[in-house]
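Participant: Sequence first, predicted coordinates after that:
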Amino acid sequence: MQAVKDKLSDMSTMRKAKAEAKAEEKTEKDLAKARVEVAKEVRKAKEAEAAMDLHVAKAEQKALHEVAKIAHDQS
């Protein structure tokens, strides 16, 4: 009878250990997924910043061109 109780106790202990390991694995996967999402957002932000810099540079060139054109027309 004691052997059966020990066996049940061992099975219970193993189930608990497996559940804890599975929960830890899920936590690690969720953390990794969050890191990937953060990396994607950082990449998108850098791309948007680069695009904005390009637009600013184009606008500056157009403004300089118009100023030069006006200065040339007035002289």
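Facilitator: Great, that's in hand.

Participant: do you know how far A19 is from K29?
Facilitator: According to C-beta to C-beta, to the nearest Å, A19 stands 16 Å off from K29. Yep, even glycine has a C-beta here, placed from its N, CA and C like the rest.

Participant: Repeat that for H55.
Facilitator: H55 is 39 Å from K29, by C-beta to C-beta.

Participant: Where do the strands of this structure begin and end?
Facilitator: With strands called from DSSP state E, the chain shows none.

Participant: hey, where'd the helices end up in it?
Facilitator: Ranges of helices in the chain, per DSSP state H, are 2-74.

Participant: Give me the mean pLDDT for stretch 63-73.
Facilitator: For stretch 63-73, mean pLDDT rounds to 90.

Participant: Centre of the chain to it, how far?
Facilitator: Mean-position distance between stretch 63-73 and its chain equals 45 Å (C-alpha atoms, centre = their mean, to the nearest Å).

Participant: Restricting to C-alpha, output it in PDB.
Facilitator: Provided in PDB are the C-alpha atoms of stretch 63-73 (Å, rounded to 0.1, in the frame of the first residue of the first chain):
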ATOM      1  CA  ALA A  63      12.600  76.300 -51.200                       C
ATOM      2  CA  LEU A  64      16.200  77.200 -52.100                       C
ATOM      3  CA  HIS A  65      15.300  76.800 -55.800                       C
ATOM      4  CA  GLU A  66      12.300  79.100 -55.400                       C
ATOM      5  CA  VAL A  67      14.300  81.700 -53.500                       C
ATOM      6  CA  ALA A  68      17.000  81.700 -56.200                       C
ATOM      7  CA  LYS A  69      14.300  82.000 -58.900                       C
ATOM      8  CA  ILE A  70      12.700  85.000 -57.100                       C
ATOM      9  CA  ALA A  71      16.100  86.600 -56.600                       C
ATOM     10  CA  HIS A  72      17.000  86.100 -60.200                       C
ATOM     11  CA  ASP A  73      13.600  87.500 -61.400                       C
END
